[in-house]
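S.K.: Generate a structure from the sequence data that follows.
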Amino acid sequence: MASIRKSLTSGIFYSAIAKYSNIVLSVVIGAILARLLTPQEFGIVALVTVFIIFFNLLGDFGIGKAVVQNQQLTEYDIQSIFIFSIFFALLLATLFYFSAPLIAKFYSEDELIKVSKFLSLAVLFHTLQAVPKALLEKALRFKRIGLISVTTQLTTGIIAIILAYKDFSYYALVVRSILNGCFLFVVFYFLTPIKIIFKIDWSSINKIIRFSIFNFGFNFINYFSRNGDNLLVGKFLGSTSLGFYDKAYRLMMMPVQNLTHVITPVMMPVLSKYQDNRDIVYNTYSKVVKFLATIGFPLSIFLFFSAHEIINIIYGPQWDASIPVFKLLALIIGIQLIYSSAGSVFLSINRTELLFYYGLISSFILLSCISIGIFVGNNIVFVGYGIITGFTINFFIVYYMLIHVALKKSVSHFFKSIIFPLFMSIIMIPPLYFFDKYNSMNIYYSLLIKFVIAAISFSLLFFSRQENRQIIKQGIKGYLKAE
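M.R.: Purely as a prediction, here's the structure:
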């Protein structure tokens, strides 16, 4: 247990530094671009992004995760898998290029033809980087991965800002997307050079095919459940509504991606080494879930009551239409933080078939809820209600399959770890509600006071438990000892 704790702690530490640096960069760069570009310009790129994500999903095909999970692959196997990914990348980029007229026709936006053709390069580079990046993850080189991601985001963000300032419109976002993929591939390959043999040995591919197919199947289905909202909003409510909705959704996902994704990339390669010991996997993951719940549930409440200030400070008053949607989506940040971590456990214990079956069920539920919001409510606020409903239902389903079916443990015992964090968030509601109701301050002061109220409430509740005080004391002692 000491070894797994050390590996997780080290990996999470460096991933956290990278992710939180990316949060700051993303907020700053996004805020600048939001003032240089219009919601409609963001909406144009968001329309194509839905298809980019889909092709990126096809490009990975579960290969990267399979390389990380499989402990028996030889150097020759890696070479064969990499050349397979190169041919596949070229094929997908070509298909995306020639799909540009179809994408434009789907949305009735002729401007999307050129945008889509340029973004075929983003598809190419994303697919090419899968195997080199997987080798870095397998070697637990999270410090290097983090440094690369931060440097890339800063560099491409500056380029995008310059282009937007020079009136390149949404092409500033297009160029940034392409350069992100290009820079990452070049650096990942430089750090993990793989000999190109121009021969695909199918015996090597067969070693990862079962894992890859089920993982790809889940990701394929999950794409529609995760992006069905953008497809439907863009198609039936228009690009402007999509611009407002996409801004709210991305802002909501920021803490999810930059907290959960600090942990999950580390969990998968680390837990894979203990995949035959379900007790270690369960106990380790329970602690991870408790941590995520302790952060996520109180954060949901704070962001719900601070939506007006956050949207206006970061993006400006022209994005006020995003506020009601963001408030709704903020309520499921806690659930999303926990929920998004489950896939890594399925992958680490090689139960990708369960992940696939869960994906089928969850996609049907989520898309049904989103569709009701689109066709009954006919606005982005009702889409927000649909997403809340869908994710809440799916939350309970995934943990029944993971804990009871895959790990053979008690679901009710597992959920005990989130009871106190949930209680903490409920107690935070009254002081924030009453301040918000009678508040007439400047938005900067208002946000500051809300943060202080939330921080004090959280601290009093958190440190009221001896268990939590002991954890903090042990952490401080460990840090001082290391120093």
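S.K.: make it CA atoms for all contacts and neighbour counts henceforth
M.R.: OK.
S.K.: Quick check: residue 128 touching residue 185?
M.R.: Yes. Residue 128 lies in contact with residue 185 (CA atoms under 8 Å); the separation is 6.5 Å.
S.K.: And these two? Which one has more around it.
M.R.: Higher neighbour count among residue 128 and residue 185: residue 128, with 28 against 21, using other CA atoms under 10 Å.
S.K.: OK, contacts around that one?
M.R.: 85, 86, 89, 185 (CA atoms under 8 Å, 6 or more residues apart in numbering).
S.K.: Find the helix or strand that the second one is a member of.
M.R.: By that I understand residue 86. Per DSSP states H and E: residue 86 is located in helix 75-98.
S.K.: outside of that helix, which residues touch it?
M.R.: 55, 58-59, 67, 116-121, 123-125, 127-128, 131, 194-201, 204-205.
S.K.: Put the buried members of those into a ChimeraX selection.
M.R.: To isolate the buried ones among the contacts of helix 75-98 in ChimeraX, judged by 16 or more other CA atoms under 10 Å, type:
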select :55,58,59,67,116,117,118,119,120,121,123,124,125,127,128,131,194,200,204,205
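S.K.: Now, the contacts of helix 75-98 that are in strands?
M.R.: In strands, judged by DSSP state E, none of those are found.
S.K.: circling back: can you tell me which of the contacts of residue 128 comes closest to residue 142?
M.R.: The nearest member of the contacts of residue 128 to residue 142, counting by CA to CA, is residue 185 at 16.0 Å.
S.K.: Distance of that closest one relative to residue 339?
M.R.: Counting by CA to CA, to the nearest Å, the gap from residue 185 to residue 339 is 29 Å.
S.K.: now do residue 264
M.R.: Counting by CA to CA, the gap from residue 264 to residue 339 is 11 Å.
S.K.: do residue 99 as well
M.R.: 33 Å.
S.K.: and if you look at residue 227?
M.R.: 17 Å.
S.K.: ok, these two, which is more surrounded?
M.R.: It is residue 339, of residue 227 and residue 339, that has more neighbours when counted by other CA under 10 Å, with 21 against 17.
S.K.: doesn't residue 395 make contact with the more buried one?
M.R.: Yes. Counting by CA under 8 Å, residue 339 touches residue 395, with 6.1 Å between them.
S.K.: could you point out which element follows the helix or strand containing residue 413?
M.R.: Residue 413 belongs to helix 411-415 when elements are defined using DSSP H and E. Later in the chain than helix 411-415, the nearest helix or strand by DSSP H and E is helix 419-438.
S.K.: Quick check: next helix or strand after that next one?
M.R.: Trace forward from helix 419-438 with DSSP H and E and the next one is helix 443-462.
S.K.: For that following helix, the averaged confidence score.
M.R.: For helix 443-462, the mean pLDDT works out to 89.
S.K.: other SSEs contacting it?
M.R.: In terms of contacts (3 or more CA pairs under 8 Å, 6 or more residues apart in numbering; DSSP states H and E), helix 443-462 is packed against helix 278-305, helix 307-314, helix 419-438.
S.K.: do that again at 6 Å, thanks
M.R.: Under the contact criterion of 3 or more CA pairs under 6 Å, 6 or more residues apart in numbering; DSSP states H and E, helix 443-462 touches no helix or strand at all.
S.K.: Check the gap between the closest residue to residue 461 other than its chain neighbours and residue 455 for me.
M.R.: Nearest residue to residue 461, sequence neighbours excluded (CA to CA, 6 or more residues apart in numbering): residue 424, at 6.3 Å. Using CA to CA, one obtains 11 Å as the distance from residue 424 to residue 455.
S.K.: Which of those two has more residues huddled nearby?
M.R.: residue 424 (20 against 16).
S.K.: Sketch out the low-pLDDT regions of this structure for me.
M.R.: 1-16, 19, 258, 468-483 (pLDDT under 70).
S.K.: ok, 50 please
M.R.: 478-483 (pLDDT under 50).
S.K.: how about residue 218, what does it touch?
M.R.: Taking CA atoms under 6 Å, 6 or more residues apart in numbering as the criterion, residue 218 is in contact with 356, 359.
S.K.: sorry, that was for residue 315
M.R.: Counted by CA under 6 Å, 6+ apart, residue 315 has contacts 31, 34.
S.K.: Could you rerun that using 8 Å?
M.R.: Applying CA under 8 Å, 6+ apart, the residues contacting residue 315 are 30, 31, 34, 35.
S.K.: Spell out which helix or strand contains the second one, please.
M.R.: This points to residue 31. Per DSSP H and E: helix 2-36 holds residue 31.
S.K.: repeat for residue 216
M.R.: With DSSP H and E as the test, residue 216 turns up in helix 202-236.
S.K.: next one: the next helix or strand after that helix to chain centre, how far?
M.R.: For helix 202-236, the succeeding helix or strand toward the C-terminus, using DSSP H and E, is helix 239-272. The chain centre lies 3 Å from the centre of helix 239-272; the measure is CA atoms, centre = their mean, to the nearest Å.
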